[in-house]
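Enquirer: attaching a predicted model along with its sequence, questions to come.
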Amino acid sequence: MPKALWIAHVKVTDAESYAKYAALATGAIADHGGVFLARNGAYEQLEGNDRARNVVARFPSLQAAHDCYYSDAYQEALSHARGASERDLMILEELD
């Protein structure tokens, strides 16, 4: 079964609230088998919208990534990101 990636590009507008999101989201992601591959490291923007916070997490499957996003724990975390950031988040299935 192919693994899946969460890919997020974020502009933080309220650092204090977003820090609450990040702390809670970390646990929710781990609870669904997610591991971070990249998290707010150095980057070079080549095309498109520049968002200074970039995150990639790997999940055991597309379903696990989906279930994490819709879990109560992640939705609670997400409540702190709303209004505190501009975000693009997608799930992408890896090649098998």
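Expert: Structure's in. What do you need?
Enquirer: show me what contacts Tyr66?
Expert: One correction, residue 66 is His, not Tyr. Under the criterion of Cβ atoms under 8 Å, 6 or more residues apart in numbering, the contact partners of His66 comprise Ile91. (C-beta placed from N, C-alpha, C; glycine too.)
Enquirer: how about Arg87?
Expert: With contacts taken as Cβ under 8 Å, 6+ apart, Arg87 has the following neighbours: 8-11, 51, 81.
Enquirer: out of these, who's nearest Gln45?
Expert: Taking Cβ to Cβ as the measure, Gln45 sits nearest to Arg51 out of these, at 8.4 Å.
Enquirer: please, where are all the strands along this structure?
Expert: In chain order, the chain shows strands spanning 4-12, 35-39, 53-59, 85-93, with DSSP state E as the criterion.
Enquirer: stretch 26-46 - what's its average pLDDT?
Expert: Averaging the model's pLDDT scores along stretch 26-46 yields 97.
Enquirer: distance between the ends of it?
Expert: Length of stretch 26-46, first residue to last, Cα to Cα, to the nearest Å: 28 Å.
Enquirer: buried residues in it?
Expert: Buried residues in stretch 26-46, counting neighbours by 16 or more other Cβ atoms under 10 Å, are found at 28-29, 32-34.
Enquirer: pick out the most distant pair among those residues.
Expert: Ala28 and Gly33 (11.2 Å).
Enquirer: would CSV of the buried residues of stretch 26-46 with distance to Ala65 be doable?
Expert: Supplementary listing: the buried residues of stretch 26-46 in CSV, determined by distance: Cβ to Cβ, whole Å:
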residue, distance to Ala65
Ala28, 12
Ile29, 9
His32, 7
Gly33, 9
Gly34, 7
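Enquirer: from the residues you listed, which land in helices?
Expert: With helices identified by DSSP state H, the entries of the buried residues of stretch 26-46 that belong to them are 28-29.
Enquirer: what remains of the contacts of Arg87 if I keep only buried residues?
Expert: 8-10, 51, 81.
Enquirer: and which of the residues you listed is nearest Phe59?
Expert: The shortest approach to Phe59 among those belongs to Ala8, at 13.0 Å (Cβ to Cβ).
Enquirer: who's the closest one bridged to?
Expert: Listed by DSSP bridges, the beta-bridge partners for Ala8 are Val55, Leu89.
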